[in-house]
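**Student:** Fold the following.
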Amino acid sequence: MLFTLLLACASSDDTAVADDTVDTATTDSATDSGTATFPEVPDGFTLQLAGARTDALVFDTPTCSLNGTSLRTFWRNGGGQHVFVLIAEIMGQYGGPGVYDATRGVRLKLQEEAGGTLAYFAADPAQGDTVRVDVTAGDAYRAAGTATVGGMRGTEGAITFAPANWPIWCVTEPPP
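**Tutor:** Numbering: from 1, shown residues only. Just a heads-up that it's a prediction; the model follows:
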């Protein structure tokens, strides 16, 4: 399946940060036929980490894979200021719009790729970390919504995020 890399290009007023949440509402554009619309790619955002790490990480480049019952979304920094990737996954149970949690295959992770210290953090519901993905729009080739995490644990200890949620956005192309 050919995957499309899309850069964050929505207008700066589409995403606002307030009270530890990200507003992922976007302006929809109508299709030529007047059928359902899909949100534009969301703006980038900054996550402030607290706990074992206190970094302010900017994420501005979303990528993804959507493969039948598995959805994987990734946010990276396109400017090279850091090598962290923020990951939201629904593994084996994705079925379109709806609310997903740990019992429905959700995994949320933050990991440093090559070029960093290889720090790794993941939400662990068995230790009380909450995970949730709300898919508000989607079909077999697209998904949009919000991932929310109550904290993560990893190689350097426990961390929390402000805001505690971030947009998920995925557009892939159907096979030829």
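**Student:** burial count for Leu71?
**Tutor:** The local packing of Leu71 (other Cβ atoms under 10 Å) involves 28 other residues. For glycine as for every other residue, the C-beta is placed from the backbone atoms N, C-alpha and C.
**Student:** how near is it to Pro97?
**Tutor:** Leu71 is 11 Å from Pro97, where distance means Cβ to Cβ, to the nearest Å.
**Student:** Please tell me how far the closest residue to Pro97 other than its chain neighbours sits from Leu108.
**Tutor:** The spatially closest residue to Pro97, leaving aside those adjacent along the chain, is Val135, at 4.9 Å (Cβ to Cβ, 6 or more residues apart in numbering). Look at Val135 and Leu108: by Cβ to Cβ, they are 14 Å apart.
**Student:** okay, the two: which has more neighbours?
**Tutor:** Higher neighbour count among Val135 and Leu108: Leu108, with 27 against 22, using other Cβ under 10 Å.
**Student:** Quick check, pLDDT for the more buried one.
**Tutor:** The model reports Leu108 with a pLDDT of 98.
**Student:** from now on call the first residue 40
**Tutor:** Renumbered: residue one is now 40, and that last one reads Leu147.
**Student:** For it, give me its contacts.
**Tutor:** 126-128, 161-162, 170, 172, 186, 188, 191 (Cβ atoms under 8 Å, 6 or more residues apart in numbering).
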